[in-house]
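Student: Sequence and predicted structure, then a few things I'm wondering about:
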Amino acid sequence: MLFLQMYLAEYFESLAFADDFGEGVYMGQVIEVEMDKRGFMKLLFNRPEKRNAVNYQLMDELESILSEAASDDEVKLLVLTGAGSEAFCSGGDLREFQDLHTEEEAFFMLSKMGEILYKLAVFPKPTIALINGSAFGGGCEIATACDFRLAKREARLGFVQGTLGITTGWGGASLLLEKIPEQKALKLLLDAKIHKAEEAKELGFVDEVVGEGTDGWEWFAEDFLRHETGVLMAYKRLLVHKWQDSGLKGRMDAEIRECSKLWASDEHHAAVERFLNKKK
Ligand SMILES: CC[C@@H](C(=O)O)C(=O)SCCNC(=O)CCNC(=O)[C@H](O)C(C)(C)COP(=O)(O)OP(=O)(O)OC[C@H]1O[C@@H](n2cnc3c(N)ncnc32)[C@H](O)[C@@H]1OP(=O)(O)O
């Protein structure tokens, strides 16, 4: 407990650069944060050697950063991306979670991230997923929770959970059904295939395919950054109210329960074992 308190105190202290509203960088263990004086905060998932898979540490850092950034007046817009050129995020860390066997064990982990995903979806300012490489499984769920998805031409995307004998475990399907037409969402979920960025754009999942460098997304966000934070937040509130009225959170919770049941199946455990033992 004492260790946790010390860790959090140090963590929030190191985020204090954002209070200066200048440019700055904060290095967490697995998330790097860059603050730009024009008002965007860029979060970089920083586990490139694991294709930026989400482990408990990443969940904790993401949750703290979202809480801080939500009430920071200087943050107008959030951009989420992955470190390295290979991956945006390869989903849940199958190695770290391989010891979760029962429905209840799975539910604990899945609902923890489900809460964070909902927090990201209802973040009070616009959010952009800059999909710089592979976005698989939960990586696609994170991208779905953002308001906009920009993908580099070479990015590959897939709700591949079906190939692991599970469904979206963090509530991402309920979010997807809010963001693109039902038929297209259902197809992406049911076929569990990997799509090129251009195909994902045709399906309506990706808003823009962008080229090399950062210009692509900065161009996309420039028009937002010109406006007062209050304007951006007022529009975002409209969307969040719509989701609150339609019970989005309850639907995400039910989705997480469905995945927890499948997680406990032999088929899922065998698929994870195949992935972890795959020889290069
Ligand atoms: C748990 C929640 C659930 C959900 O709610 O959706 C999920 O997210 S389930 C996970 C779904 N994701 C996947 O199935 C993707 C698994 N990864 C891959 O298919 C590939 O790694 C890749 C993303 C296509 C990248 O391929 P490649 O560039 O060839 O790299 P490697 O495969 O060699 O991976 C390098 C390194 O990273 C480890 N890695 C990658 N993804 C994960 C992961 N999701 N969990 C844990 N570890 C992952 C991989 O094992 C390699 O590690 P080393 O062998 O130690 O080098």
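Tutor: Arrived safely, thanks for sending.

Student: need the residues of the protein near the ligand, please.
Tutor: 50-51, 53, 86-87, 90-95, 97, 134, 136-138, 141, 160-161, 164, 168-170, 275 (Cβ under 6 Å from any ligand atom). All C-beta spots, glycine's among them, are computed from the backbone N, C-alpha and C.

Student: Now that we have these, which of them are buried?
Tutor: Buried residues within those, counting neighbours by 16 or more other Cβ atoms under 10 Å: 50-51, 53, 87, 90-94, 97, 134, 136-138, 141, 160-161, 164, 168-170.

Student: Filter the residues of the chain next to the ligand down to the ones in helices?
Tutor: Counting by DSSP state H, those place 138, 141, 275 in helices.

Student: so what pLDDT did the second one get?
Tutor: With respect to pLDDT, residue 141 has a value of 99.

Student: For it, which non-adjacent residue is closest in space?
Tutor: Leaving aside its sequence neighbours, residue 141 sits nearest to residue 172 (Cβ to Cβ, 6 or more residues apart in numbering; 2.7 Å).

Student: Contact partners for the one you found?
Tutor: Residues in contact with residue 172 (Cβ atoms under 8 Å, 6 or more residues apart in numbering) are 117, 138, 140-142, 144-145, 159.

Student: can you map out the strands along the stretch 151-280 of the chain?
Tutor: Ranges of strands in the stretch 151-280 of the chain, per DSSP state E, counting those that start in this stretch, are 156-158, 195-196, 208-210.

Student: Just say which of those is most tucked in.
Tutor: strand 156-158 (a mean of 22; mean count of other Cβ atoms under 10 Å).

Student: Which strands border it, and is each parallel or antiparallel?
Tutor: Strand 156-158 has the following sheet partners, assigned by DSSP bridges: strand 134-136 (parallel), strand 195-196 (antiparallel).

Student: Including distance to residue 42 and mean pLDDT, could those go into JSON lines?
Tutor: Output for the strands paired with strand 156-158, formatted as JSON lines (distance: least, Cβ to Cβ, whole Å; pLDDT from 0 to 100):
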{"stretch": "strand 134-136", "distance to residue 42": "17", "mean pLDDT": "98"}
{"stretch": "strand 195-196", "distance to residue 42": "25", "mean pLDDT": "98"}
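
Student: I'd like those laid out as a markdown table, including distance to residue 207.
Tutor: Shown next, in a markdown table, are those (distance: least, Cβ to Cβ, whole Å):
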| stretch | distance to residue 207 |
| --- | --- |
| strand 134-136 | 14 |
| strand 195-196 | 15 |
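
Student: one step back: show me which of the contacts of residue 172 are buried.
Tutor: 117, 138, 140-142, 144-145, 159.

Student: which of those residues lies closest to residue 263?
Tutor: residue 138 (12.7 Å; Cβ to Cβ).

Student: Which residue, neighbours along the chain excluded, lies closest to that closest one?
Tutor: Of all residues not flanking residue 138 in the chain, residue 91 sits nearest, at 3.6 Å (Cβ to Cβ, 6+ apart).
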